[in-house]
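J.: sequence-free structure coming up:
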Ligand code: UD1
């Protein structure tokens, strides 16, 4: 048994990856991070060092570069892999589908081929609730629902990624796999040392809210006002990024226990929240008046979706610790801190 408990974290300098590194270290793992920083801030390693007390091993490589990735597997005996490395901007994926298919699928295939070759036992894949597409009548989605039609090439890369993993698992049951279907990750590390670094104007709601509040953006546009929801705005399941990070560590522990070997698992709070409610919580917590207006619906947005998280609760013994208020509070701290860095 490798005492260092090394976990390869691809894309570990990104938003969810960086928070997961801190959670892995808290649980006694040694993350080895492969990231080429094309979508991450160069300051992330030093920030993580401040939280965990040492500089973890960051290797600047593109997981699509099989030779470089092979070299990494030759150097380390990994107990598990958490595969985050992928593009994630929905709109961009519609404009540049090949860029998304090439990067997201090739990176996954390379990592998986090496996992099989080097006999790594445990693999956690970063999936998304986007695999459900438009959920129809049932807004609270369970994992056994048939996958919807993905609204974007980005979504297709997650659907295909899951299917690819299922096929590989069927051919080699030695590889234990968990696909975590994230709902809407928000918030930041409670220390305020790491958070989300959107490159360019963000697509996601929370960075737009906090960014508009500090004047980085003129105004927040709320996309659509006549959805069939309580206040006419879309409903999502917002989950604190540290709760999501903890789910990865729990998933690794579950895979290591060896009771099951291919699972798709929703990671959400089980609570749906409208966009207007998020704004209201933000204003209450920050004491700021947000400059916002209604605008047209965003193409591809589903009206309402939230997780049924029973499987994560029971299988992983995972329960979210943070409230929406905590998440908004931490995201706001982080935004203010960035202003002064
Ligand atoms: C999106 C992706 C999802 C992806 C996730 C990554 C779509 C359809 N889904 O989720 O596949 O995994 O990002 O984080 O794109 N909103 C506004 N104004 C804004 C920004 C957002 O009103 O400026 C609203 C949106 O209409 C939506 C909610 O806020 O109702 C959340 O949006 P967002 O943060 O972009 O997440 P999703 O669209 O749910």
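T.: Good, I have the coordinates. Quick caveat, the model's predicted, so the values are computed rather than measured. Residues are numbered from 1 along each chain as shown.

J.: Return the set of buried residues in the helix or strand where residue 266 lies.
T.: Using DSSP states H and E, residue 266 maps to strand 262-267. For strand 262-267, burial by neighbour count (16 or more other Cβ atoms under 10 Å) applies to 262-267. From N, CA and C alone the C-beta is placed, and that goes for glycine too.

J.: what does the stretch 1-150 of the chain put close to the ligand?
T.: 88, 90, 128, 130 (Cβ under 6 Å from any ligand atom).

J.: now, which of those lie within helices?
T.: In helices, judged by DSSP state H, the following of these are found: residue 90.

J.: So among the residues of the stretch 1-150 of the chain next to the ligand, where is pLDDT lowest?
T.: Among these, residue 90 carries the weakest pLDDT, at 86.

J.: isn't it right next to residue 155, touching?
T.: Yes. Contact between residue 90 and residue 155 holds when scored by Cβ atoms under 8 Å: they sit 7.3 Å apart.

J.: what touches both of the two?
T.: residue 130 (Cβ atoms under 8 Å, 6 or more residues apart in numbering).

J.: contacts with the ligand among the buried residues of strand 262-267, please.
T.: Applying Cβ under 6 Å from any ligand atom to the buried residues of strand 262-267, none is adjacent to the ligand.

J.: Now do the helices in the stretch 51-200 of the chain.
T.: 66-75, 90-95, 97-100, 106-117, 153-171 (DSSP state H, counting those that start in this stretch).

J.: List the buried residues for stretch 159-174?
T.: Within stretch 159-174, judged by 16+ other Cβ under 10 Å, the buried ones are 159-162, 164-165, 168-169.

J.: got any ranges where the stretch 101-250 of the chain has weak pLDDT?
T.: For the stretch 101-250 of the chain, no stretch is flagged by pLDDT under 70.

J.: now the strands for it?
T.: Using DSSP state E, counting those that start in this stretch, the strands of the stretch 101-250 of the chain run over 122-128, 140-141, 176-182, 184-186, 220-223, 235-236, 238-240.

J.: got a markdown table for these, with mean neighbour count and distance to residue 99 too?
T.: A markdown table is the format used below for the strands of the stretch 101-250 of the chain (neighbours: other Cβ atoms under 10 Å; distance: least, Cβ to Cβ, whole Å):
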| stretch | mean neighbour count | distance to residue 99 |
| --- | --- | --- |
| strand 122-128 | 25 | 18 |
| strand 140-141 | 20 | 28 |
| strand 176-182 | 24 | 22 |
| strand 184-186 | 24 | 23 |
| strand 220-223 | 18 | 24 |
| strand 235-236 | 22 | 26 |
| strand 238-240 | 25 | 28 |
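
J.: Out of the ones you listed, which is closest to residue 202?
T.: strand 220-223 (10.6 Å; Cβ to Cβ).

J.: Report all helices and strands that that closest one contacts.
T.: The contact analysis (3 or more Cβ pairs under 8 Å, 6 or more residues apart in numbering; DSSP states H and E) places strand 220-223 against helix 205-213, helix 275-286, strand 292-295.

J.: Just name the most buried of those.
T.: Using mean count of other Cβ atoms under 10 Å, the stretch among the helices and strands packed on strand 220-223 with the largest mean neighbour count is helix 205-213, at a mean of 23.

J.: any residue of it up close to the ligand?
T.: Yes. Interface with the ligand: helix 205-213 contributes 205, 208 (Cβ under 6 Å from any ligand atom).

J.: and the angle from that helix to helix 275-286?
T.: For helix 205-213 against helix 275-286, the angle by axes from the mean of the first three to the mean of the last three Cα atoms, to 10 degrees is 50 degrees.

J.: Could I get the buried residues of strand 262-267 in CSV, plus columns for pLDDT?
T.: Formatted as CSV, the buried residues of strand 262-267 follow (pLDDT from 0 to 100):
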residue, pLDDT
262, 95
263, 96
264, 97
265, 98
266, 98
267, 98
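
J.: which one of the residues you listed is nearest residue 30?
T.: Using Cβ to Cβ, the buried residues of strand 262-267 come closest to residue 30 at residue 267, 23.4 Å.
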